[in-house]
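Trainee: sequence plus predicted model, see below.
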Amino acid sequence: SAYEDFDGFIKGIIKDLPLLDKGFVFLIDGLDVLTEERVNLIEKFISSYHQNRFIASSRKEARLLFEKKLEILPLDEGKMKEYAKRYLKDKAGDFLNELDKSPQLKDLARNPQMLYMMMRIFGKSGGSLPENRASLYQGFVDYIYEYNREERRVGFAHTKYEIENFLSGLGFKFQCKNVVSLEEKDISEIKEMKADCERLGLICFFENGVKFSPHQTFQEYFAARRLKELDEDEVDISVTFEHPRWKETVLFLSGLIDNSTELIKKIKKKDIFLAAECIGQAKKIDDSVKNEIITSLHRLAKDRYTHNRIRAIECLGLIEGDNSIGVLLEALKDEWEVGEETVSAFVRLKAYGKVKGLIGALGDKDKDVREKAADALGQIGDKTATKPLIKALGDEDSYVRGQAACALGQIGDKTATKPLIKALGDEDGYVRGKAAEALGRIGGKEATEPLIKALGDEDEVVRSSVAYALGQIGDKEATEPLIKALEH
């Protein structure tokens, strides 16, 4: 149902009360673009009819009465390298080296679609990458146009400018209506532009409907191009700073402008967190404005409200060259949700030399801080953390020891093999399982015999981790012991 009819749609369901007693499954998508008022309406509906099942999806966690069951995880370093080697082959090393120079692009590359787009551009351009996300999308649009025109010999009835101008207007229309598809009859010029757009693959047609392809972000990118034109014509676009559905479009806009200082100053008056996120997307911004926003985020990182602290930490992890390490280390001591976001912030900032502070946090008196520090160090993957993490395998807390083992597996330094083999004898099953998983990730026949012995562990979960690790190592010596393990 269109969002204009959303309230009526909910009220219509409520009228049909007898049906709701039969146990329906409700699928809810796009929670991140709903207003607070409509989120409250859905929450009330869920509370009133809890005998039904509700499954929700969102690009980011939404504030609803849902327990998160499944999260699509980003690619880790190993998966990115594997993907690059398969696609770029001998050019993979050059690509990964270029990617390491841009923390923003490196973070984006954890999304498979973004990584694919970067590799396409890298291969076509002869070894260069775009400077930010907006440039990435523009570069990919340029690539598919040239690929179709030059390599596939596709003829276009309209110029590239005319096609992009049409798509910008269409994306803006979709955003204004808060929809991801429209019927063809509601789109002017669609008949004459249809063939060219289909050839590019940037919009797709189904029955009588039209939507952007391959992802909704292309809709938001093209809408941002039109928003940029309006801003340049001095049209007041501030209403877009206040609604969740425009957030990604505004972020794209900040990356399209050569100097985003004035735009970000306007956004700051409406939403400090959105302004901070825009800094991470911008090509250029005056230091005075950037530092002013960072100072505000430092204050909000200690706010009484958990949500504000989480958002402040998230934003600090997006801003290059700030002086926020002390604030982030302190935030590791906060309640679990804030600490988890702080780990993510450190991972995003890893290219700016933030590892040293985290290594120190492995010795903090708070066990939760030590555990989160180990988690972050593992995700960062810097080998300088190997020795401190090996030492952490002897921590008094089992969760810290387990997370240290996990981190060593993520880093993949073979010098950790012997300490991890020793950890297979830890008194805690959680630690033994994580040590086995780490040995499987690191690989090497040295771990085969100790893992075969660990197949006799009293803990079923540990035995499962050991079996999987032996499969990862791939040593044939483990074949018979694994077969015997199946019999028991």
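Mentor: Cool, got the structure. Numbers count the residues shown, from 1 in each chain.
Trainee: which residues touch the nearest residue to Ala374 once chain neighbours are set aside?
Mentor: Once flanking residues are discounted, Ala374 sits nearest to Gln403: 4.1 Å by Cβ to Cβ, 6 or more residues apart in numbering. Glycine gets a C-beta too; all of them are placed from N, C-alpha and C. Contacts for Gln403 (Cβ atoms under 8 Å, 6 or more residues apart in numbering) come out as Glu371, Ala374, Asp375, Gly378, Lys434.
Trainee: JSON lines for these, including pLDDT?
Mentor: Below are the contacts of Gln403 laid out as JSON lines (pLDDT from 0 to 100):
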{"residue": "Glu371", "pLDDT": "95"}
{"residue": "Ala374", "pLDDT": "95"}
{"residue": "Asp375", "pLDDT": "93"}
{"residue": "Gly378", "pLDDT": "92"}
{"residue": "Lys434", "pLDDT": "97"}
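Trainee: any idea which element the residue nearest to Ala374 lies in?
Mentor: Using DSSP states H and E, Gln403 maps to helix 398-411.
Trainee: so where is this protein shaky, pLDDT-wise?
Mentor: Of all residues in the chain, those with pLDDT under 70 make up the ranges 1-22, 32-36, 59-69, 321-322, 351-354, 488.
Trainee: if you set the cut-off to 50 instead, what comes out?
Mentor: The chain contains residues with pLDDT under 50 at 1-4.
Trainee: Gly471: which of the contacts of Gln403 is nearest?
Mentor: Comparing the contacts of Gln403 against Gly471 with Cβ to Cβ picks out Lys434 as the nearest, at 16.8 Å.
Trainee: quick check, the closest one in contact with Gly402.
Mentor: Yes. With contact defined as Cβ atoms under 8 Å, Lys434 reaches Gly402; the gap is 4.2 Å.
Trainee: do a quick rundown of the helices in the stretch 301-450 of the chain.
Mentor: Counting by DSSP state H, counting those that start in this stretch, the stretch 301-450 of the chain has these helices, from start to end: 306-316, 325-331, 336-348, 355-361, 367-380, 386-392, 398-411, 417-423, 429-442, 448-454.
Trainee: and the fourth one, what's buried?
Mentor: Spelled out, it's helix 355-361. In terms of neighbour count (16 or more other Cβ atoms under 10 Å), helix 355-361 has its buried residues at Val355, Gly357, Leu358, Ile359, Ala361.
Trainee: Lys383 is in contact with the first one, correct?
Mentor: No. Counting by Cβ under 8 Å, Lys383 is not a contact partner of Val355; they are 9.9 Å apart.
Trainee: tell me how far Val235 lies from Leu227.
Mentor: 9 Å (Cβ to Cβ, to the nearest Å).
Trainee: same drill for the two, tell me which one is more crowded.
Mentor: Between Val235 and Leu227, counted using other Cβ atoms under 10 Å, Leu227 has the larger neighbour count: 24 against 10.
Trainee: contacting residues around that one?
Mentor: Applying Cβ under 8 Å, 6+ apart, the residues near Leu227 are Phe172, Ile237, Thr240, Thr249, Val250, Leu253.
Trainee: what secondary structure does the residue nearest in space to the middle of the chain sit in?
Mentor: Closest residue to the average C-alpha location of the chain: Pro74 at 5.6 Å, with Cα atoms, centre = their mean. Put simply, Pro74 is coil when judged by DSSP: H, G, I helix; E, B strand; the rest coil.
Trainee: apart from its chain neighbours, what residue comes closest to it?
Mentor: Per Cβ to Cβ, 6+ apart, closest to Pro74 is Arg110, 3.4 Å.
Trainee: check the burial of that neighbour by counting its neighbours.
Mentor: The burial count for Arg110: 17, using other Cβ under 10 Å.
Trainee: I'd like to know how far it sits from Lys89.
Mentor: Arg110 is 21 Å from Lys89, by Cβ to Cβ.
Trainee: now do Glu314
Mentor: Taken as Cβ to Cβ, the span from Glu314 to Lys89 is 36 Å.
Trainee: likewise for Asn97?
Mentor: With Cβ to Cβ as the criterion, Asn97 and Lys89 are 15 Å apart.
Trainee: do the same with Gly381
Mentor: Taking Cβ to Cβ, one finds Gly381 at 23 Å from Lys89.
Trainee: who's more crowded, those two?
Mentor: Gly381 (18 against 8).
Trainee: that one contacts Glu77, correct?
Mentor: Yes. Counting by Cβ under 8 Å, Gly381 does reach Glu77; the two are 5.0 Å apart.
Trainee: about what we covered before: got the CA coordinates for the helix holding Gln403 in PDB?
Mentor: Below are the C-alpha coordinates for helix 398-411, written out as PDB (Å, rounded to 0.1, in the frame of the first residue of the first chain):
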ATOM      1  CA  SER A 398      36.600 -16.800  30.200                       C
ATOM      2  CA  TYR A 399      34.700 -14.400  27.800                       C
ATOM      3  CA  VAL A 400      37.800 -12.300  27.400                       C
ATOM      4  CA  ARG A 401      39.900 -15.400  26.700                       C
ATOM      5  CA  GLY A 402      37.300 -16.700  24.200                       C
ATOM      6  CA  GLN A 403      37.200 -13.300  22.400                       C
ATOM      7  CA  ALA A 404      41.000 -13.200  22.300                       C
ATOM      8  CA  ALA A 405      41.000 -16.600  20.700                       C
ATOM      9  CA  CYS A 406      38.400 -15.500  18.200                       C
ATOM     10  CA  ALA A 407      40.400 -12.300  17.400                       C
ATOM     11  CA  LEU A 408      43.600 -14.300  16.800                       C
ATOM     12  CA  GLY A 409      41.800 -16.400  14.300                       C
ATOM     13  CA  GLN A 410      40.500 -13.300  12.500                       C
ATOM     14  CA  ILE A 411      44.100 -11.800  12.300                       C
END
